[in-house]
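> Curious how this folds, go ahead:
(2 chains, ligands or ions: 2)
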Amino acid sequence: MKVDTKLNTKPEAAVKTGADILVESLLEQKVETIFGYPGGAVLPIYDALYRSDGDFEHILTRHEQGAIHAAEGYARVAGKPGVVIATSGPGATNLVTGIADAMMDSLPLVVITGQVATSVTGTDAFQEADVMGITTPITKHNYQVQSSYELPKVIKEAFHIASTGRPGPVVVDIPKDISANLCTETDQSAFHLPGYQPTIKPNPLQIKKLTEAIKKSKKPLILTGAGVIHGHASDILLEIAEEYSMPVTSTLLGLGAFPGQHDLFLGMAGMHGTYTANMAIAECDLLINIGARFDDRLTGNLNYFAKNATVAHVDIDPAEIGKNVPTDIPIVSDSKAALAELKKQLKEGPDHSEWMDQLNQNKMAYPLWYNNPPEEMVPQWLMKSLYHATRGEAIVTTDVGQHQMWAAQYYSFGRPNRWVTSGGLGTMGFGFPAAIGAQLAKPEDPVVAVVGDGGFQMTLQELSVLQERGLPVKIIIVNNGALGMVRQWQEAFYDKRYSESIVGVQPDFVKLAESYNIRGMKIETQQEFTDIIHEVMAYDGPVLMDCRVLQQENVYPMIAPGKGIHEMVGVKP
Amino acid sequence: MKRIITAVVQNRSGVLNRVTGLMHKRQFNIESISVGRTETEGISKMTFVVHVEDHQKLEQLTKQLNKQIDVLKVTDLSDKAIVARELALIKVVSNAHHRSEIQGMIEPFRASIIDVSKDSLSIQVTGKPDKIEALIDLLRPYGIKDIARTGLTAFARGHQPQVAEMTTYSLLK
Ligand SMILES: Cc1ncc(C[n+]2csc(CCOP(=O)(O)OP(=O)(O)O)c2C)c(N)n1
Ligand SMILES: [Mg+2]
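Ligands and ions are numbered 1, 2, ... in the order given. The predicted structure is shown next:
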């Protein structure tokens, strides 16, 4: 801890509290950054942090939700667990959204919650909440620590479980007496988890089946999910795709797994995917899914999804295989190991030049489009310009809504771990705190938070963290004065009855930024944006850009709910 | 379809909640659960009787169970030759007058009377669920005051016959 006012009150080496043991365990896990918020039940832990001379940073967010989304952003970019501490009761319940979000998007988190003392557990004591009960369905695993003796082992297990296999959040609930009391003996033995042995190596026979399917295929298609990114399989995927010239599409969360500007890349698939990508799914005869979970936002109506295809599915989580889409070639494996084995076994690629011609024609004939009156601020143009201004090099986090889809469509990622978005849970309020976490994970890299005017207001209190830390996060508010995605659905499916989606009153975002001593600016034209974006990106501090964009713009193409993947609207102007 | 599934679990707090919670979330209809310790310390076994729509759902259920950190082994016993038993305690209204009549009736079920009071009689019966149902049906006319059932517990027989013989052994066919 870097605290100037440090007092030398460290207890003798032999006498440690449970909280000291916890802090030691975190250091042993090489934790560098902790996101948290103190309170009664974690006072002993915060005291131990204060007394520790461990070299890590505690980031005090201004709301526990900010802490957990920051930890998610950190985990996504750093590729290692984000660590959160919150107090019992309301502290813990404020984390619930982020825990659920991390569970859906397979992000490794270790979440430490305080709990009331064991002597009063179950009495509805002050700030008691059943954190185990509440978090069971939204965690990969959770623990309530029963004694300080087992604490080191629990922490080791928690980090192991969070970061291996299919990553996910692990909650460790620690009663106050356990963290406060002195502890004499701890269990330092190695852990053994007989019920948790993820399969990481593929069955070579299954890979053989895949090679045969590839050989026979006339219309192959690779689908990348976040599993490619978690498995560090991007390079080998690129090698295979290039060697056999196989086209690639991606889920929302898989963006960056394959270079967005590559000739073989068809764009994102799914509800707001490109025409080429979605038609490729509809028409392919072999779909090779690597680490995607066939979420409904990708598949649309399952009756029309990849109907003509042999489906191969590589996933480290066997429960994802066959869950939504019947699978012909299941491969339970880490993505990199599976692709390495595939590369080894694959000797002959598909004969599919006609297919490639067809896809290329589709790309030419049906690119993403938008109307772009130069005197207006068009949100799609904004995302595309951001891409060019940052040469696709920035780490981009988003909130949830139209701006998120435009960012996904127009910001093209050259490499993995640069794209941070809430996909599975679709959590408004995620984007800005996630950018804080991303920036802390990569202090030298440009980080842009692309947020909506709605979602930003859900977690904007974290501007304090930017101010305090001087983190150079650039906030781009895609301000359409509306809960745009809701407005779009009301336009399309509710006869333009804009119930509660057009927001009349907004804060002055520029003044808001300034009140935190952050540079703020209002951008109303394309010219203004173009004139200043390079300077903003080069500026060594946080900047908030309130970009006033056209309200009536919609995200296209779109597959309406219940429709098949080939039934897109808004494919052409 | 009805399935009998067992899960061998690490006996930790919260494991029952985790397992039943996931079944609830994924809309598996649980008919009964029984839990007890095994021969190994710290290891328990849960036996579920569940209704699932089809094989895909069934596969999901076993995979989701297997995914839990504290679940060590999941077995679908439904298509195996198994020994399956449930225990029920049934309290029926009875005066001295009916007592011997009831006694005679439960005898073929190898049930036993375990408690007698002035106006009631408690019967213990062990067997497959359909046998227990049958006994309950027979006792109903006397007036049932209370029933406590353990839910089914089961394991595979020592000898597993070839597939062709199976139906004669299987509880569910
Ligand atoms: C916490 C939460 N509440 C509600 C929603 C539903 N929702 C999805 S998008 C959206 C509108 C978001 O508006 P804004 O942040 O301004 O982004 P825009 O769509 O305008 O780009 C809403 C309300 C959600 N995803 N998350
Ligand atoms: Mg908006």
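> With adjacent residues omitted, what lies nearest to the residue of chain B found nearest ligand 1?
For chain B and ligand 1, the shortest gap (C-beta to the nearest ligand atom) falls at B:K25, measuring 20.2 Å. For every residue, glycine as well, the C-beta is placed using N, CA and C. Among residues not flanking B:K25 along the chain, A:P137 sits closest, at 5.7 Å (C-beta to C-beta, 6 or more residues apart in numbering or on different chains).
> part of a strand, is the one you found?
No: in this structure, A:P137 is helix, not part of a strand, as judged by DSSP: H, G, I helix; E, B strand; the rest coil.
> Assess the claim that it and B:M23 are in contact.
No: in this structure, A:P137 is not within contact of B:M23 by C-beta atoms under 8 Å, at 10.9 Å.
> how far away is the spatially most central residue of chain B from ligand 2?
Against the mean C-alpha coordinate of chain B, by C-alpha atoms, centre = their mean, the closest residue is B:L152 at 0.9 Å. In this structure, B:L152 and ligand 2 are 55 Å apart, going by C-beta to the ion, to the nearest Å.
> now do A:P443
The value you get for A:P443 to ligand 2, if C-beta to the ion is used, is 30 Å.
> so where does that residue fall, helix or strand?
According to DSSP states H and E, A:P443 maps onto no helix or strand at all.
> So, low pLDDT: which residues of chain B?
Applying pLDDT under 70 to chain B flags residues B:163-173.
> still on that earlier bit, between A:P137 and B:M23, who's got more neighbours?
Neighbour tally, A:P137 and B:M23, criterion other C-beta atoms under 10 Å in any protein chain shown: the higher count belongs to B:M23, 19 against 15.
> so the more buried one touches B:L61, yeah?
Yes: using C-beta under 8 Å, B:M23 is in contact with B:L61, at 7.2 Å.
> Give me the common contacts of these two.
Counting by C-beta atoms under 8 Å, 6 or more residues apart in numbering or on different chains, the residues touching both B:M23 and B:L61 are B:V50.
> Name the SS class of residue 113, please.
Going with chain A. Per three-state DSSP, A:T113 ends up strand.
> other chain: chain B
Applying three-state DSSP: B:I113 is strand.
> was I right about it contacting B:S122?
Yes: under the criterion of C-beta under 8 Å, B:I113 makes contact with B:S122 at 6.9 Å.
> Just want the residue of chain B that's nearest ligand 2.
Ligand 2 sits closest to B:K25 of chain B, with a gap of 31.9 Å, by C-beta to the ion.
> For the stretch 201-350 of chain A, which residue gets nearest to ligand 2?
Nearest to ligand 2 in the stretch 201-350 of chain A, going by C-beta to the ion, is A:H272, at a distance of 15.9 Å.
> who's A:T397 bridged to?
For A:T397, the beta-bridge partners are A:V420, A:A449 (DSSP bridges).
> before we move on, what about B:I5?
With DSSP bridges as the rule, B:I5 is bridged to B:F48, B:D76.
> quick one: contacts for residue 156?
The chain I'm using is chain A. Contacts of A:K156 by C-beta under 8 Å, 6+ apart are A:25, A:28-29, A:190-191.
> that's the wrong chain, I wanted chain B
Residues in contact with B:A156 (C-beta under 8 Å, 6+ apart) are B:75, B:77, B:80-83.
> do you know how far A:T397 is from ligand 2?
As judged by C-beta to the ion, A:T397 and ligand 2 stand 16 Å apart.
> what's the pLDDT at that residue?
Looking at A:T397, its pLDDT reads 98.
> For burial, what's the neighbour tally of it?
Using other C-beta under 10 Å, A:T397 has 34 other residues around it.
> Quick one: residues contacting it.
Contacts for A:T397 (C-beta under 8 Å, 6+ apart) come out as A:73, A:420-421, A:430-432, A:434-435, A:438, A:447-450.
> likewise A:G322?
A:313, A:330, B:56, B:59-60.
> Regarding it, what is its secondary structure?
On the basis of three-state DSSP, A:G322 is classed as coil.
> re earlier: looking at B:I113 and B:S122, which is more packed in?
Taking neighbours as other C-beta under 10 Å, B:I113 and B:S122 compare with B:S122 leading, 18 against 14.
> Now that one: which helix or strand?
strand B:120-127.
> Just want the angle from the helix or strand just after that strand to strand B:120-127.
Proceeding N to C from strand B:120-127, the next assigned helix or strand is helix B:129-139, under DSSP H and E. Note on geometry: by axes from the mean of the first three to the mean of the last three C-alpha atoms, to 10 degrees, helix B:129-139 and strand B:120-127 are set 160 degrees apart in direction.
> buried residues in the top helix by length along chain B?
Longest helix of chain B, by residue count under DSSP state H: helix B:55-67. Judged by neighbour count using 16 or more other C-beta atoms under 10 Å in any protein chain shown, the buried positions of helix B:55-67 are B:57-65, B:67.
> isn't A:D177 right up against A:A117?
Yes: with contact defined as C-beta under 8 Å, A:D177 counts as touching A:A117 (4.1 Å).
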